[in-house]
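**Student:** Have a look at this prediction, sequence included:
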Amino acid sequence: MHPELFKIPFIGLPVNTFGFMMVVGFIAAVSLIRHLSRNITPDPQLITNAALYSLIAGVAGARLFYVIHHFDKLEGGLLSIFAIWRGGLELYGAVILAIPIIFLYLLYHKLPVRHYLDILAIGLMLALVFGRIGCFMRGCCFGKPTDLPWAVCFPYGSDAYYSQVYPDTKRNRLEPHLKLPDEFFHYYESNSKTFYGLKSYEELTEQQKDMVKNGQYRCLPIHPTQLYSSANAAALCLILYLFWRRSQLAGRSKNTKKFFTKSGSTFALMFILYGITRFFIEFIRDDNPFEIDSLTISQIISFASIILGAILLAIFHKMKSETADLGP
């Protein structure tokens, strides 16, 4: 966990690792999208603009989804709603808002919508590779305790640590994973209200600091679900690219009767494949509250995503091939 990358010299402004990785992911995605669409666009700047609009809409949607989902966790008043540098973005919120925006943009500029959505799907997975690494460095989106050899331990005071030392009734957990003595807690004030909670690391005695760093009250090892998600996004990026290449070859040969070869198929597959993998990753995450029968909101949306992808796949397969210059 390394939430702060570095501080800008002379002014001391911290550069947040999570935000930095988001920017890296965006640049990588735009570069890939521009490269893949080089033969179907008269103006590469249109692709950059589309990506920029989708980024703005995606960040807004991801933050809005997180705020609605975790409003009780926000601290600092209404302004904290906009504090994305602290983390707190959910991918499904980004997709829900960004896709309609880019769809309208492509229609406005009379570009081949389904061709661009296919390429966008590949770029989105590439951006997610870096975004999830940012989640790991910040410590959000954490996993359940495990004894696996590649398990990781987050520091005292991290989101994972807080989760382990408190019961979580929203996840049907009535007892904490890690029971701390009362001397690790105290009363404190926030926003003119008094709370009883975990002491900050600086308030601990030297003995207590050693106990939470190296002793019996160290954070329990957990699944590095952020890295699982990053690896999953990389695998899906490659799979979607291979399907996209297959559809391109089919388009050039005018043989688009096979399944997954019509333009738009790669975009539809993104919903299916990501929905399936996200559904199962949620089983080993330990941050999202249960909503219905021990299912999180992400699992419920994953199920809807799979259905949506299947419907889009069937619709695109029945539609006529979209006209685009596919290059040599």
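**Tutor:** Right, received. Where do you want to start?

**Student:** Next, work out how far apart the nearest residue to H177 once chain neighbours are set aside and K213 are.
**Tutor:** When the adjacent residues along the chain are set aside, H177 lies closest to Q164, with 4.1 Å between them (CB to CB, 6 or more residues apart in numbering). No exception for glycine: its C-beta is placed from N, CA and C like everyone else's. Going from Q164 to K213 by CB to CB, to the nearest Å gives 15 Å.

**Student:** got the residue ranges for the helices in the stretch 201-328 of the chain?
**Tutor:** For the stretch 201-328 of the chain, the helices defined by DSSP state H, counting those that start in this stretch occupy 206-213, 225-252, 265-281, 297-318.

**Student:** Please name whichever of the ones you listed is nearest to K144.
**Tutor:** helix 225-252 (8.3 Å; CB to CB).

**Student:** between that closest one and helix 265-281, how many degrees?
**Tutor:** 160 degrees (axes from the mean of the first three to the mean of the last three CA atoms, to 10 degrees).

**Student:** Where do the helices of the stretch 1-150 of the chain begin and end?
**Tutor:** Along the stretch 1-150 of the chain, the stretches classed as helices by DSSP H, counting those that start in this stretch are 17-36, 44-69, 91-108, 113-138.

**Student:** okay, those, which one's buried deepest?
**Tutor:** For those, the stretch with the most neighbours on average is helix 113-138, a mean of 24; neighbours defined as mean count of other CB atoms under 10 Å.

**Student:** Centre of the chain to that one, how far?
**Tutor:** What separates the centre of helix 113-138 from the centre of its chain is 9 Å, taken as CA atoms, centre = their mean, to the nearest Å.

**Student:** Next: stretch 250-267.
**Tutor:** The chain centroid and the centroid of stretch 250-267 are separated by 29 Å, computed with CA atoms, centre = their mean.

**Student:** so how far is L238 from N232?
**Tutor:** In this structure, N232 and L238 are 11 Å apart, going by CB to CB.

**Student:** quick one, which of those two is more surrounded?
**Tutor:** Summary of the neighbour comparison: N232 and L238, criterion other CB atoms under 10 Å, with N232 having more neighbours (21 against 13).

**Student:** Quick check, pLDDT for the closest residue to the more buried one other than its chain neighbours.
**Tutor:** Beyond its immediate neighbours in the sequence, the residue positioned closest to N232 (CB to CB, 6+ apart) is T277, lying 5.0 Å away. The predicted structure scores T277 at 97 on the pLDDT scale.

**Student:** Would you mind confirming that T277 makes contact with S230?
**Tutor:** No: in this structure T277 lies outside contact range of S230 using CB atoms under 8 Å: 11.9 Å.

**Student:** ok, H109 - how many residues close by?
**Tutor:** The local packing count at H109 equals 15, with neighbours defined by other CB under 10 Å.
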